[in-house]
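Student: pasting the sequence and the predicted model now:
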Amino acid sequence: MEQAREWIQNASSVAVLTGAGISAESGVPIFRGDQGLWREYKPEDLATPEAFMRDPRLVWEWYDWRRQVIAKAEPNPGHRALVELECRKRRFNLITQNVDGLHDRAGSGRILKLHGDIWRLRCLECRADWPDRRAPLPKLPPHCRCGGLARPGVVWFGEPLPDGMWLEAEHAASDAEVLLVIGTSAVVYPAASLAGIARRTKARIIEINMEETAISHEVDCSLRGPAGEILPRLIA
Ligand code: BV8
Ligand code: ZN
């Protein structure tokens, strides 16, 4: 912890990659592990274009349930510690795999949302893209004003990341002197490759997680414990 604090204090450029684990203490269920996200379904089965085409109503039931859970959640001390860190660093990039919007509500400024935003909808017909924070939604599946079927504004498995987003994330990771990897099992690509990208340009990689992950072997420092407790101490 002392070593990690020193690296962060001395760095002028910091990047952060967050996953579902940083929102766990806000009461938002993580994707993998025994909690299991929803009934007997796996995210990989529901978060795909094929699942949506096959049964838009079932997929929307899952997203509407998640939106209702997230609507009751508050940012936790982990989210807020990252806002504090952003204020102190001349160069700071927050890259998140999360779609819950808790980093925005905590006050983070620059957020690279690799996997989109659960609070936005997109029309399959006219491509309109708009914010909709109603939880629960009045009717499932929701439709666009043009009458077209609306989908959640998130990136599903097999779909490309939003235009230009990956380039920005790569730049952020390459520019960082320290990369914090927080609350991610590091199994989803290309997000999980950001640690390797940062290491190639000599960044120190600090991981914060409750347990060992797929990239623990390639980080410089692994802090075991809840992000909501570790982050405030790390940046104090
Ligand atoms: C793409 C949005 C190309 C939707 C999500 C085989 C090998 C390698 C890659 C692939 C492959 N087959 C397919 C792929 C590619 C695929 C992929 O990576 N699949 C995986 C499953 C192998 N990737 C894609 O499809 C991506 N697109 O590659 O496009 C392309 C290019 C051009 C043209 C066409 C295509 C798109 C991936 C995005 C998928 N969408 N979400 C939604 O949210 O509904 S991914 C989903 O998983 C979420 O975004 C989530 O954030 C993400 C990662 O999960 P984690 O955040 O890590 O959460 P998880 O539950 O796994 O872990 C939580 C961690 O927190 C745990 O480690 C736990 O210990 C820890 N924790 C718990 N509590 C705490 C804590 N830590 C700290 N404190 C705590 N309190
Ligand atoms: Zn439309």
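Tutor: That came in fine, so what should we check first? Ligands and ions are numbered 1, 2, ... in the order given.
Student: now do the helices in this structure.
Tutor: Secondary structure of the chain (DSSP state H): helices at 2-10, 21-24, 43-46, 49-54, 56-71, 77-88, 102-106, 165-175, 194-200, 227-235.
Student: nearest to Thr184, out of these?
Tutor: Proximity to Thr184 (Cβ to Cβ) singles out helix 21-24 among those, at 6.4 Å. C-beta here means a position set from N, CA and C on the backbone, and glycine is covered the same way.
Student: mind giving me the packing neighbours of that closest one?
Tutor: In this structure, helix 21-24 makes packing contacts with helix 77-88, helix 227-235, judged by 3 or more Cβ pairs under 8 Å, 6 or more residues apart in numbering; DSSP states H and E.
Student: and it, what's buried?
Tutor: For helix 21-24, the neighbour count (16 or more other Cβ atoms under 10 Å) marks 21-24 as buried.
Student: hmm, it touching ligand 1?
Tutor: Yes: Helix 21-24 reaches ligand 1 (Cβ under 6 Å from any ligand atom) through 21, 24.
Student: show residues contacting stretch 147-156.
Tutor: Stretch 147-156 is contacted by residues 47-49, 52, 56, 59-60, 63, 99, 114-126, 129, 141-144, 161-162 when judged by Cβ atoms under 8 Å, 6 or more residues apart in numbering.
Student: start to end distance for that stretch?
Tutor: Stretch 147-156 stretches 23 Å from its first residue to its last (Cα to Cα, to the nearest Å).
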